[in-house]
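Peer 1: no letters, just coordinates:
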């Protein structure tokens, strides 16, 4: 009886450890980026797979968030400077009003990168977004190689992007 209780207890511990490990893996650095399929501002569906083979800066943000708004000029510059090197910035807007508020905001700010409207399930897939902005760096192989919670400078993003950029052919 004592032996079987010991095995049951051991099984429970292992199960809890595996559950905790699986839960921690969502959206963690080193893990494959969770796939998503979300509506763009024009209503057409955009998928993470649309950017296969590119380095993706995936930013969870909202129009009402001051630090999010502060990062936008850096993302606009990164998109201009590095799109030809295989980098794309993608913004996942978490505004409750959706495209109704995001579309005019994007036009006013002259945002030059793809924006999609996020869902709760997407934030959960990325480990639960606890604060915005939260930005993930996804390499060309689809793995998360960086995660930033809160305002991040362009210099920090560039430092992280440097080793991921495609070297131009000579």
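Peer 2: On my side now, so go ahead. All values reported here derive from a predicted model rather than from experimental measurement. Numbers count the residues shown, from 1 in each chain.

Peer 1: so for the helix or strand residue 137 falls within, mean pLDDT?
Peer 2: Assigned by DSSP states H and E, residue 137 falls within strand 134-138. Per-residue confidence for strand 134-138 averages out to 98 on the pLDDT scale.

Peer 1: for stretch 68-76, same thing?
Peer 2: Per-residue pLDDT over stretch 68-76 has a mean of 98.

Peer 1: quick one: residues in contact with it.
Peer 2: Outside stretch 68-76, the residues that touch it by CB atoms under 8 Å, 6 or more residues apart in numbering are 57, 59, 61-63, 89, 91, 109-113, 132-133, 135, 151-154, 157. The C-beta positions use only the backbone N, C-alpha and C, and glycine is treated the same way.

Peer 1: run the last query once more with 10 Å
Peer 2: Defining contact as CB atoms under 10 Å, 6 or more residues apart in numbering, one finds that stretch 68-76 is touched by 57, 59-63, 65, 89-91, 93-94, 105-106, 109-113, 132-135, 148, 150-158.

Peer 1: what's the ChimeraX line that selects buried ones from those?
Peer 2: ChimeraX command restricting the contacts of stretch 68-76 to the buried ones, with burial defined by 16 or more other CB atoms under 10 Å:
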select :57,59,60,61,62,63,65,89,90,91,93,94,105,106,111,113,132,133,134,135,148,151,152,157
